[in-house]
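# One predicted model, sequence on top.
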Amino acid sequence: MKAPVSPSCSPRRWNLYLDLATLKGALNHLEFVRFREEEVAGRKVVICSYMLSMDEIWNTPLGVEACGATFDAESGELVSLPFEKFFNVNEKAHTRAALVEADMANGFYVTEKLDGSMLTPIMTNSGPVLKTRKSAFSDVAAAANMHATKNVLDLCTAMCEFDFTPIFEYMTPDNKIVLDYGEEPRFVLLAARNMQSGHYMSYEALLGFGVQFDVPVVNKVPVNSLQELLDKVETEEGIEGWVICTGKTRYKIKTRWYCDRHNLVDLRYRDVAKHVLNDTLDDLMPNIRVAGGEEAVKKVEEVKLLVRIELAVITNTVLKGIGLAIRIENLGERARYVIDNFHPYQKPILAIARHPEREYDIEAWVIDFYRRTRLSTWSLRSVVNANFGQEDAE
């Protein structure tokens, strides 16, 4: 079933927004950006994603596209274009309320912010395959591909024919974050992005696709001003928040109710480190600023920097060990060398050195290792309230 051709979704085969060489040229030097190779249903692709949310990435030209942009490994052609990185109101200097209001003056609409996982498709000869930001083989992606309905997959095929990437929120009881959306997996269409221009499909056209393929579309919220949303932040419950969509970009706002359930109240240094590892810190920053001022923000940024440095040290040590271990052909000698010189990192080093041709997610191992061995070293004192928490509490 084909979608109707309209001015907002007609095919454009020129002015390619991105290709692999361009993005690699812009971002390859950044320590926490990865270009991951995967073979998805016979198609070899490269997925660009950030490992940790760092300002040096977002301040680099095209850095905001390190959120799962996916390319054909052979041609370098863009094949899947998720959201660019966008931020909370008052989280960054360029998202201060006054600047957001000025942007909204040129036209905007607001949608609900859903509490799930973002998915986009990769088209293959076998049809569309859904992926998360980092991979088509994550646990969430595997579950989503198992539960994806024919309607969802048909919508993906139709949009991709017009060079649009549909962007979904996937919600399931197995991947519940805070909100409970019921017992059945749900797919909600959030947006669609043109791969030739990087622009978004209009909400009206998005709604048309949703109706045609019987796929739910994210709800639009009647809002007249930014201040109206900021007032709702303090009172609304049972919702994560909202997304402000302008002709220029998008902005997030999270409710106090949701942030409280993300451990904002009496936030401890260990909690901050955990949020860094889970990539959930950015959404809390505006509320941390409100609760503890710039001093609390400074403390949080210091923790973020230290975690980043420790992760980089572990990653570089593992990579160095792999390079040295591969040179030792005798497996017994290799094992003794690695155990003597690279404890406690010997497990991934030996595994990768033995089968270097296989795909290994070193970043995921490093984060898990840090979570198991280093997280407990962070203080249980509160970042916001110095009188809360105990240094020796577990």
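Cool, got the structure. Residues are numbered from 1 along each chain as shown.
# need the contact list for Ser138.
Counting by CB atoms under 8 Å, 6 or more residues apart in numbering, Ser138 touches Lys131, Thr132. To be clear about C-beta, it is placed using only N, CA and C from the backbone, and glycine gets the same treatment.
# what's the answer for the one 10 residues further on, then?
Listed by CB under 8 Å, 6+ apart, the contact set of Ala148 reads Leu130, Phe187.
# now for the helix or strand in which Leu324 is found, which elements pack on it?
Using DSSP states H and E, Leu324 maps to helix 285-326. In this structure, helix 285-326 packs against helix 269-278, helix 331-341, helix 346-354, helix 362-373, with contacts taken as 3 or more CB pairs under 8 Å, 6 or more residues apart in numbering; DSSP states H and E.
# Average pLDDT for it, rounded please.
Across helix 285-326, the average pLDDT comes to 89.
# got any ranges where this structure has weak pLDDT?
1-16, 174-183, 260-266, 290-291, 385-394 (pLDDT under 70).
# so where do the helices sit in the chain?
For the chain, the helices defined by DSSP state H occupy 20-27, 55-58, 97-104, 139-147, 150-161, 203-213, 226-233, 256-260, 269-278, 285-326, 331-341, 346-354, 362-373.
# Centre of the chain to the fifth one, how far?
Mean-position distance between helix 150-161 and its chain equals 23 Å (CA atoms, centre = their mean, to the nearest Å).
# before we move on, what about the second one?
Distance of helix 55-58 from the chain centroid (CA atoms, centre = their mean) equals 14 Å.
# Give me the contact list for that helix.
Helix 55-58 has contacts (CB under 8 Å, 6+ apart) with Leu27, Leu30, Phe32, Val33, Tyr50, Gly63, Val64, Ala66, Lys85, Phe87, Lys92.
# quick one on the thing from earlier: CSV for the helices and strands packed on helix 285-326, including distance to Val45 and mean neighbour count?
CSV is the format used below for these (distance: least, CB to CB, whole Å; neighbours: other CB atoms under 10 Å):
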stretch, distance to Val45, mean neighbour count
helix 269-278, 25, 20
helix 331-341, 32, 14
helix 346-354, 21, 18
helix 362-373, 18, 16
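# Format the ones you listed as TSV; extra columns: distance to Thr235.
What follows is the helices and strands packed on helix 285-326, written out as TSV (distance: least, CB to CB, whole Å):
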stretch	distance to Thr235
helix 269-278	25
helix 331-341	57
helix 346-354	48
helix 362-373	35
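# what about Gly238, distance to Lys85?
Gly238 sits 27 Å away from Lys85, going by CB to CB, to the nearest Å.
# the more surrounded of the two?
Lys85 (17 against 9; other CB atoms under 10 Å).
# isn't that one right up against Ala66?
Yes - at 7.3 Å, Lys85 and Ala66 qualify as touching, with contact defined as CB atoms under 8 Å.
# Can you pull the residues that touch both of the two?
By CB under 8 Å, 6+ apart, the residues touching both Lys85 and Ala66 are Tyr50, Ile57.
# how about TSV for the helices of the chain, with distance to Val110 added?
Conversion of the helices of the chain to TSV gives the following (distance: least, CB to CB, whole Å):
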stretch	distance to Val110
helix 20-27	30
helix 55-58	23
helix 97-104	9
helix 139-147	26
helix 150-161	23
helix 203-213	10
helix 226-233	7
helix 256-260	16
helix 269-278	26
helix 285-326	17
helix 331-341	54
helix 346-354	45
helix 362-373	34
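# so which of those helices gets nearest Arg381?
Evaluated over these, closeness to Arg381 peaks at helix 269-278, with 6.1 Å, by CB to CB.
# packing partners for that closest one?
helix 285-326, helix 362-373.
# Around the nearest residue to Glu234 once chain neighbours are set aside, count how many other residues there are.
Spatially, and ignoring its direct neighbours in sequence, Glu234 is nearest to Arg256 (5.4 Å; CB to CB, 6 or more residues apart in numbering). The tally of other residues near Arg256 (other CB under 10 Å) stands at 19.
# now Arg256: how far from Glu240?
Distance of Arg256 to Glu240, given as CB to CB: 11 Å.
# Touching, Phe87 and Ile244? I think so.
No - applying CB under 8 Å as the test, Phe87 and Ile244 come out as separate, 11.1 Å apart.
# So for these two, which residue has more residues nearby?
The residue with more neighbours, out of Phe87 and Ile244, is Ile244; 24 against 21, by other CB under 10 Å.
# how about that one, what does it touch?
Val89, Val100, Met104, Phe108, Val110, Leu226, Leu229, Arg250, Tyr251, Lys252, Ile253.
# show me where the stretch 51-200 of the chain has strands.
Under the criterion DSSP state E, counting those that start in this stretch, the stretch 51-200 of the chain contains strands at 67-72, 78-80, 87-88, 108-113, 117-124, 127-131, 164-171, 186-194.
# Strand partners (parallel or antiparallel) of the first one?
Same thing as strand 67-72. strand 43-50 (antiparallel), strand 78-80 (antiparallel) (DSSP bridges).
# Show residues contacting it.
Taking CB under 8 Å, 6+ apart as the rule, strand 67-72 contacts 18-20, 23, 43-50, 77-85, 118, 120, 122, 131-134.
# how long is stretch 35-44 from one end to the other?
13 Å (CA to CA, to the nearest Å).
# Stretch 194-212 now?
End-to-end distance of stretch 194-212: 19 Å, with CA to CA as the criterion.
# Pull out the buried residues from that stretch.
Across stretch 194-212, burial judged by 16 or more other CB atoms under 10 Å covers 194-196, 198, 200-203, 205-206, 208-210, 212.
# chain center to it, what's the gap?
21 Å.
# Using CSV, write down the CA coordinates of stretch 316-330.
Output in CSV follows, covering the C-alpha atoms of stretch 316-330 (Å, rounded to 0.1, in the frame of the first residue of the first chain):
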residue,chain,number,x,y,z
ASN,A,316,42.3,2.4,26.0
THR,A,317,43.8,-0.2,28.3
VAL,A,318,41.6,-2.9,26.8
LEU,A,319,42.4,-1.8,23.3
LYS,A,320,46.2,-1.7,24.0
GLY,A,321,46.0,-5.2,25.5
ILE,A,322,44.2,-6.6,22.5
GLY,A,323,46.8,-5.2,20.2
LEU,A,324,49.7,-6.7,22.2
ALA,A,325,47.9,-10.1,22.8
ILE,A,326,47.2,-10.6,19.1
ARG,A,327,51.0,-10.6,18.4
ILE,A,328,51.5,-13.7,20.7
GLU,A,329,50.6,-16.8,18.7
ASN,A,330,51.0,-19.4,21.5
